[in-house]
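>>> A predicted structure for the sequence below; I have some questions about it.
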Amino acid sequence: MKLLTKTTLYFLLIMLPVFTAGAFYLYSKFNKEIKHETDEELVNDKLQWMRYLDTARVDNPIFHVSTPEFNLRPTENAAQTGHQLKSVDIYQEPENTYAPFRQLTQVIHVNNKNYELVLRKSVIEKDDLVNNIIHVMLAAFAGLLLFVLVSNWLISKSVWKPFYRSLGKIQKLQLNKLEAIVFERTTTHEFNQLNTALGNMTTRIHGDYTSMKELTEDAAHEMQTPLAIAQSKLELLLQDDTLSETQQNSILASYEELQRLSRLNHNLLLLAKIENQQYPVTAQPDLCTVVEKYLLLFEELIKEKELQIHKEMTATAPWPLHPALADILVSNLLGNAIKYNYTQGNITIRITTDTFTVSNSSHLPEIPANVLFQRFKKHNSNYTNSNGLGLAIIKKMADSYGFSVQYAYANGEHNFLVSHG
Amino acid sequence: MKVLIIEDEPALRASIQEYLERQGYICELAADFPQAIDKVNEFDYDCIVADIGLPRGNGLDIVKELKLLESKAGIIIISAKDSLEDKLSGLELGADDYLTKPFHLSELNARVNAILRRKNFDGNTTVTFHEITIKPASKTVLVHNKSITLTGKEYQLLLYFIANQHRVVTKSALAGHLWGDEYDQAGSYDFIYTHIKNLRKKMLEAGGEDYIKTVYGTGYRFG
């Protein structure tokens, strides 16, 4: 729920009972006032009538009047000194409804006779009053709602602006570009606090990230020299004629393992460099040429495995990729297609201007999607010269340079689709 | 042939020295930048193997210095950084070759060999090993003065063997030399054996001796 929606909703939830209570209060207040006014009028009327009746005693008649508003009839009840007031509903013939009235009743003494005097006044305005109050209240409520919405919008536009600015900045954040983030001062104390906290946090994360990255790079760099030394010493040792076969084999095994280590190291460095975008797009190498180059390089391997190569390639396919990365992309995918193939299997290479597909037959099962591009995830342990970084490198390349890699498996064929644009 | 090895790691320096000296080169050593500058100013070398990351200086500046001195020495840069920029700027400055650590000593030796051949005789030289004569300029190979036809890979293989004669050369070094570093993307290098078998056959047919010896499972030794 958006902040604006939420505050508006809360506002409405609070306003609704307040307005209802207000409406009730107004209604009862007005009601009371009308009753009071009507009663005063009734009392006034009573006094007038009594004065008139007192002067009319000359002819000594017996009064008997009955109208909805004025009622005077003889009674045996004792005369009262005060009057009673109450609300009654009187049937109205034309409208076939009951209408509210205030009624004054008193037994009075006129010409030695007791009369019951009943005076009534319509308070039909009361219904209109309720209607009016509801209307006014609804109008006020709607007006206030509109006011709340508009003011909330305006407030959130101005007051929350720095907040949304900071939010946008964090959303756009990329770990490898963290350095550039600057939160400007705002006029709101809380936002300044937030920005300070965010600033500190991003600086710290960036620091950690950089030092981690540097550690990887430095470690990889620093490892090259000891590797070179160890490898050279073993190569010299291999030259010793007095070595037995087992000794020589042990040396060779160590030598080969060192090579694996240095390849691994090389690939880790490569991953770091790709992540740092140290391979700017300066030229657009033709992927078809690159593919032909590697088919030639892998010629012996292809012949040895008696692989069938099918090519469906456009004349040229310039890709916006550093030439070194284009080489790695092709050699990794093609290398895998050869390495994990079986004898007399096949490889299909399809190139359009913005897609590059390598499909190959293999006895290996489908690679689960969740481990496909994971580092050091070897999909088959029989291949010792794999370091499980080839696909991770391609994925990293895709992420860093904005193209996509998709994998599909069907009918025993592994299929990698790389596309850009 | 005099080679100057500029490398700050004593162990690696010693390894390079040992290997190159066994192949008949006279080696001199420099452990840091000032030493290297002193040596190149003072003596003439046929080939200089220079590390880029040196104490108190950069190996690339040694290349610049050599060019200022109009030295004729061949220059091979070795670096722990597999950086394309370093490689390109090194070659632009006038280095002849660039090798990334770690490397096979046999590969370094073959490259030193190739540079010296190109530099000192402008390519018009022959490489001779007993009855085998190679004319690099025309890429022809003679056995007992009879020309034999080799494929490109077999020719490269023979040159590599002769440069590293009497030394055990591993299969991975051979594969790296013939196919570059990317070959291991695709897996095995058993197919080297096919090339070696063919080379051996052609030399034997021409009446040559069988110099290629398989050393256990490790590799090969020539001569």
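Perfect, I can see it now.

>>> Residue 67 - how many residues pack around it?
The chain I'm using is chain A. Other residues lying near residue A:67 total 9 when counted by other C-beta atoms under 10 Å in any protein chain shown. Bear in mind the C-beta positions are built from the backbone N, C-alpha and C, glycine included.

>>> wrong one, I was asking about chain B
Burial of residue B:67 is recorded as 13 neighbouring residues (other C-beta under 10 Å).

>>> likewise the one 10 residues further on?
One way to gauge burial is a neighbour count; for residue B:77, by other C-beta under 10 Å, it gives 26.

>>> what's the answer for residue B:102, then?
Residues near residue B:102, counting by other C-beta under 10 Å, number 26.

>>> which element is it on?
Taking DSSP states H and E as the definition, one finds residue B:102 inside no helix or strand.

>>> any idea of the pLDDT on residue A:61?
At residue A:61, the predicted lDDT confidence score is 68.

>>> what about the strands in the stretch 251-400 of chain A?
In order along the chain, the stretch 251-400 of chain A carries the following strands (DSSP state E, counting those that start in this stretch): A:308-313, A:346-351, A:355-361.

>>> which stretches of chain B aren't confidently modelled?
Per-residue confidence of chain B (counting by pLDDT under 70) places the weak regions at B:82, B:120-124, B:182-189.

>>> wait, residue B:3 sits on residue B:113?
No: contact between residue B:3 and residue B:113 fails when scored by C-beta atoms under 8 Å: they sit 10.6 Å apart.

>>> Would you mind telling me which of these two has more residues around it?
Using other C-beta under 10 Å as the criterion, residue B:3 and residue B:113 rank with residue B:3 on top: 24 against 21.

>>> what helix or strand does that one sit in?
For residue B:3, the element it lies in under DSSP H and E is strand B:2-6.

>>> Which residues does that strand contact?
The set of residues that contact strand B:2-6 without belonging to it, under C-beta atoms under 8 Å, 6 or more residues apart in numbering or on different chains, is B:13, B:16-17, B:20, B:25-30, B:35-36, B:39-40, B:43-51, B:54, B:59, B:62, B:73, B:112.

>>> Near chain A, list only the ones from these.
Here is what survives when those are matched to chain A using C-beta under 8 Å from any C-beta of the partner chain: residue B:16.

>>> Please confirm that residue A:94 is located within a helix.
No: when classified by DSSP: H, G, I helix; E, B strand; the rest coil, residue A:94 is found to be coil rather than part of a helix.

>>> picking up where we left off before, just the contacts of strand B:2-6: which are in helices?
Using DSSP state H, the members of the contacts of strand B:2-6 that fall in helices are B:13, B:16-17, B:20, B:35-36, B:39-40, B:59, B:62, B:112.

>>> Most widely separated two among the residues you listed?
Using C-beta to C-beta, the ones in helices among the contacts of strand B:2-6 span at most 20.3 Å, a distance reached by B:35 and B:112.

>>> Those two: who's more crowded?
Of the pair residue B:35 and residue B:112, residue B:112 is the one with more neighbours under other C-beta under 10 Å, namely 26 against 17.

>>> who are the neighbours in contact with the closest residue to that one other than its chain neighbours?
Take residue B:112 and drop its neighbours on the chain: the residue closest to it by C-beta to C-beta, 6 or more residues apart in numbering or on different chains is residue B:47, 5.3 Å away. Residue B:47 is in contact with B:1-4, B:25, B:73-76, B:112, B:115-116, B:119, counting by C-beta under 8 Å, 6+ apart.

>>> For residue B:47, give the beta-bridge partners.
Using DSSP bridges, the bridge partners assigned to residue B:47 are residue B:3, residue B:74.

>>> swap in the one 10 residues further on?
Residue B:57 forms beta bridges with residue B:54, as assigned by DSSP bridges.

>>> ok, how many other residues are close to it?
The local packing of residue B:57 (other C-beta under 10 Å) involves 18 other residues.

>>> Then residue B:117?
Should you count by other C-beta under 10 Å, residue B:117 turns out to have 21 residues around it.

>>> these two touch, right, it and residue B:136?
Yes: checked against C-beta under 8 Å, the pair residue B:117 and residue B:136 is within contact range at 6.1 Å.

>>> three-state assignment of the nearest residue to residue A:38 once chain neighbours are set aside?
Spatially, and ignoring its direct neighbours in sequence, residue A:38 is nearest to residue A:102 (4.3 Å; C-beta to C-beta, 6+ apart). Taking three-state DSSP as the rule, one finds residue A:102 in the strand state.

>>> check contacts around residue A:102.
Neighbouring residues of residue A:102 by C-beta under 8 Å, 6+ apart: A:35, A:38-39, A:42, A:85-88, A:120-121, A:123.

>>> List the ones among the residues you listed that fall in helices.
With DSSP H as the criterion, helices contain A:35, A:38-39, A:42 from among these.

>>> Looking at those residues, which is nearest chain B?
The shortest approach to chain B among those belongs to residue A:35, at 97.6 Å (C-beta to the nearest C-beta).

>>> quick one on the thing from earlier: export the contacts of residue A:102 to TSV and tack on pLDDT?
What follows is the contacts of residue A:102, written out as TSV (pLDDT from 0 to 100):
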residue	pLDDT
A:35	85
A:38	86
A:39	88
A:42	88
A:85	88
A:86	88
A:87	87
A:88	87
A:120	89
A:121	86
A:123	80
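
>>> And the strands in the stretch 1-150 of chain A?
Secondary structure of the stretch 1-150 of chain A by DSSP E, counting those that start in this stretch: the strands cover A:65-66, A:70-74, A:84-92, A:97-110, A:113-122.

>>> Alpha carbons only: can I get stretch A:186-196 in PDB?
Output for stretch A:186-196, consisting of C-alpha atoms alone and laid out as PDB, is shown next (Å, rounded to 0.1, in the frame of the first residue of the first chain):
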ATOM      1  CA  THR A 186      17.300  18.000   3.200                       C
ATOM      2  CA  THR A 187      15.300  20.400   5.400                       C
ATOM      3  CA  THR A 188      13.700  17.400   7.300                       C
ATOM      4  CA  HIS A 189      15.700  16.200  10.300                       C
ATOM      5  CA  GLU A 190      14.500  12.600  10.000                       C
ATOM      6  CA  PHE A 191      15.400  12.400   6.300                       C
ATOM      7  CA  ASN A 192      18.800  13.700   7.100                       C
ATOM      8  CA  GLN A 193      19.200  11.000   9.700                       C
ATOM      9  CA  LEU A 194      18.000   8.400   7.200                       C
ATOM     10  CA  ASN A 195      20.300   9.700   4.500                       C
ATOM     11  CA  THR A 196      23.300   9.700   6.900                       C
END
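
>>> How far away from the center of its chain is that stretch?
With C-alpha atoms, centre = their mean, to the nearest Å as the basis, the distance from the averaged C-alpha position of stretch A:186-196 to the chain average is 23 Å.

>>> The nearest residue to residue B:67 once chain neighbours are set aside: what's it in contact with?
In space, not counting the residues next to it along the chain, residue B:67 is nearest to residue B:94; the distance is 4.8 Å by C-beta to C-beta, 6+ apart. The contact partners of residue B:94, taken as C-beta under 8 Å, 6+ apart, are B:63, B:66-67, B:75.

>>> From residue A:121, how far out is residue B:94?
Remark: distance between residue B:94 and residue A:121 (C-beta to C-beta, to the nearest Å) = 120 Å.

>>> and what of residue A:398?
Computed with C-beta to C-beta, the distance linking residue A:398 and residue A:121 is 89 Å.

>>> just residue B:112 next, same as before
Using C-beta to C-beta, residue B:112 is found at 127 Å from residue A:121.

>>> Equivalent analysis for residue A:103, please.
Shown here: residue A:103 relative to residue A:121, a distance of 8 Å by C-beta to C-beta.

>>> tell me, what's touching the two both at once?
Common neighbours of residue A:103 and residue A:121 are listed as residue A:42 (criterion: C-beta under 8 Å, 6+ apart).

>>> Report the buried residues of stretch A:229-242.
A:229-236, A:238-239 (16 or more other C-beta atoms under 10 Å in any protein chain shown).

>>> Done for today, thanks.
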